[in-house]
Structure formats: C-alpha cells, structure tokens
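# using only what follows, build the 3D model:
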Amino acid sequence: MVKANPLAGAAAFTLEAVFRPDSGGTFEQRWFHIQEAANDNRVLLEIRLNGDQWFLDTFIKSGDNKLTLYSENFKHETGAWYHVALTFDGVTMRHFVDGKEELSGPLTIQPLGEGSTSIGVRMNRVFWFKGAVSKVRFTPRALSPRDFMGKK
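Residues are numbered from 1 along each chain as shown. Below is the predicted model of the structure:
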C-alpha cells in the first residue's frame, strides 16, 4: 500500500494501467484501489474472471454518488498484456480496454481528498489479483484514447 492518493483534488482525471490478468485466480479481483483516508470515497479497477476470460469492472464513489461500469459483455483472454483506462471529465465516467470504450455513464462527484493506493488487492486485503501490473499513469484531466500511453 502507498500512503498517497494520486487523484487527490482532481476534478477530472484519467487512470491508466498496463496489466496482464492470469487464469486460475478468483472470480472477483480488485487489483487497483484508491481511497480517501477520512471515509470510503474511492476509485476501483477490478476484473471478473471466468476460466480463461476476464472483463473490466470499474467503480467510483464520492459521498452518496457512485457508479459501477460492469462490462460483462466485453470478454478478454487471460495471459496477454492489456491497456485499461478509467476517465472522468467532471460529468461522465468511461472505461476503455486497449483504446476501445466499453462503457460510460453520468456521474457527479467531488474531488477525492488525501488517502492511500493499493495495487494488487483491495485496501482491506481481500480479492487478490493474479497477474502482473507493468505500469500506471495518472493524468489530472480526461484523456481521449489517442492520448493514452502505449502498452510498451
């Protein structure tokens, strides 16, 4: 766990990661978790694994406002490297896999405050990730896919 919230104070943001989910893990894997220190406002990148396929599940919560993007209709094979991005432009939350938007929805939130970041497991050490994370990038604005970092 890292005692820092790289999204603290950002009214808009992009969270990107290059990762490789492996087969053989549990169904629910919460592999990237940012949370405020004072409450349960948070940003999560998760996957759901079924055999050799996974799909992205993202979540943002701020106060009573929250949104889950559960992309069960967008399956991907395990064992390969993928770029994922979660963007928030102040009005809309979107998530992407390899530059392709899978889901989006409206959301109103306050910027998150100071907190912590956990990679590979949820903050409370449940729902461990089986795979690898190569790199992560945080940008204090919503990027378009043409501005995303590459997989290499």
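# secondary structure element for the residue nearest to the spatial centre of the chain?
The residue lying closest to the centre of the chain (C-alpha atoms, centre = their mean) is residue 45, at 2.6 Å. Assignment of secondary structure by DSSP states H and E places residue 45 within strand 42-50.
# go through that strand and flag the buried ones.
By neighbour count, with 16 or more other C-beta atoms under 10 Å as the criterion, the buried positions of strand 42-50 are 42-49. Using the backbone N, CA and C atoms, a C-beta is placed for each residue, glycine as well.
# and if you look at stretch 56-65?
Applying a neighbour-count criterion of 16+ other C-beta under 10 Å, one finds 56-62 buried in stretch 56-65.
# reformat those residues as JSON lines; add distance to residue 11.
Formatted as JSON lines, the buried residues of stretch 56-65 follow (distance: C-beta to C-beta, whole Å):
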{"residue": "56", "distance to residue 11": "24"}
{"residue": "57", "distance to residue 11": "24"}
{"residue": "58", "distance to residue 11": "18"}
{"residue": "59", "distance to residue 11": "19"}
{"residue": "60", "distance to residue 11": "13"}
{"residue": "61", "distance to residue 11": "16"}
{"residue": "62", "distance to residue 11": "11"}
